[in-house]
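A.B. asks: got a sequence here, can you build the structure:
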Amino acid sequence: MKIEEAILFFEGLKTMNSSKKELKTYTSFIAVLTDIKSRAISDEDFLAIETELTALKIKENANDAKILGKKKCNFIAFVKKKLSLISEGQHMSNGMALGMSIGLSLGMSIGIAFGKNNGMALGMNFGMLIGMGIGMAIGTAKDKEAKKAGNVLSTKG
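C.D. replies: Below is the predicted model:
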């Protein structure tokens, strides 16, 4: 299935359905396909993406938004792997999780010095808060850097 053909197919589904969940799935699929279409990628990668679109057999499950949602996730994972892309906000999410875990352990260590009961609890809370903030800041900076380099796959319409 060609990318243009898939975009037209989802545009048609968008006009026929009124469910918010279905519209969100169709809009997201259209955004991903439009993003891929606008990129300067090799013919080999373009052919592989179109082959994957054909293999998903999207037209067979046009009436089931749940199955289309799963196929959309599979397609996005394939495209991200094939073109070495990341999702929007991926670095921020990873940075936040890493910052919280490091902050928790450091906060617990520092909190013990202030007392076993309240000190450890306060140390964990403040450590997680500070670690999360630092992780989000670093992750956001890396996300901006990736977006500037053109390595972010747009999934929002």
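
A.B. asks: need phi/psi at the most far-flung residue of the chain relative to its centre.
C.D. replies: Among residues of the chain, the one most distant from the C-alpha centroid is Gly115; the distance is 41.6 Å, by CA atoms, centre = their mean. Gly115 adopts backbone torsions of phi 130, psi 150, taken as degrees, to the nearest 10.

A.B. asks: same deal with Glu88?
C.D. replies: Torsion angles, degrees, to the nearest 10, at Glu88: phi -70, psi 130.

A.B. asks: give the buried residues for the helix or strand Ala141 falls within.
C.D. replies: For Ala141, the host element (DSSP states H and E) is helix 118-149. Buried residues in helix 118-149, defined by neighbour count with 16 or more other CB atoms under 10 Å: 120, 123-124, 127-128, 130-132, 134-136, 138-139, 142-143, 146. For glycine as for every other residue, the C-beta is placed from the backbone atoms N, C-alpha and C.

A.B. asks: run the chain-centre distance for it.
C.D. replies: Helix 118-149 has its C-alpha centroid displaced from the chain centroid by 19 Å (CA atoms, centre = their mean, to the nearest Å).

A.B. asks: pLDDT of it, averaged?
C.D. replies: The predicted model gives helix 118-149 an average pLDDT of 92.

A.B. asks: per the record, what domains does the protein have?
C.D. replies: As recorded under automatic domain parsing, the domains making up the chain are 3-84, 90-149.

A.B. asks: what's the closest of those domains to Thr155?
C.D. replies: domain 3-84 (5.3 Å; CB to CB).

A.B. asks: would you map the strands across the protein?
C.D. replies: Ranges of strands in the chain, per DSSP state E, are 86-87, 152-153.

A.B. asks: and the first one, what other elements does it pack with?
C.D. replies: Contacting strand 86-87 under the criterion 3 or more CB pairs under 8 Å, 6 or more residues apart in numbering; DSSP states H and E are the following elements: helix 65-83, strand 152-153.

A.B. asks: strands paired with it, and their directions?
C.D. replies: Paired neighbours of strand 86-87 in the sheet (DSSP bridges): strand 152-153 (parallel).

A.B. asks: just the residues contacting the partner strand, thanks.
C.D. replies: Val32, Asp35, Ile76, Val79, Lys80, Leu83, Leu85, Ile86, Ser87, Glu88, Asp143, Ala146 (CB atoms under 8 Å, 6 or more residues apart in numbering).
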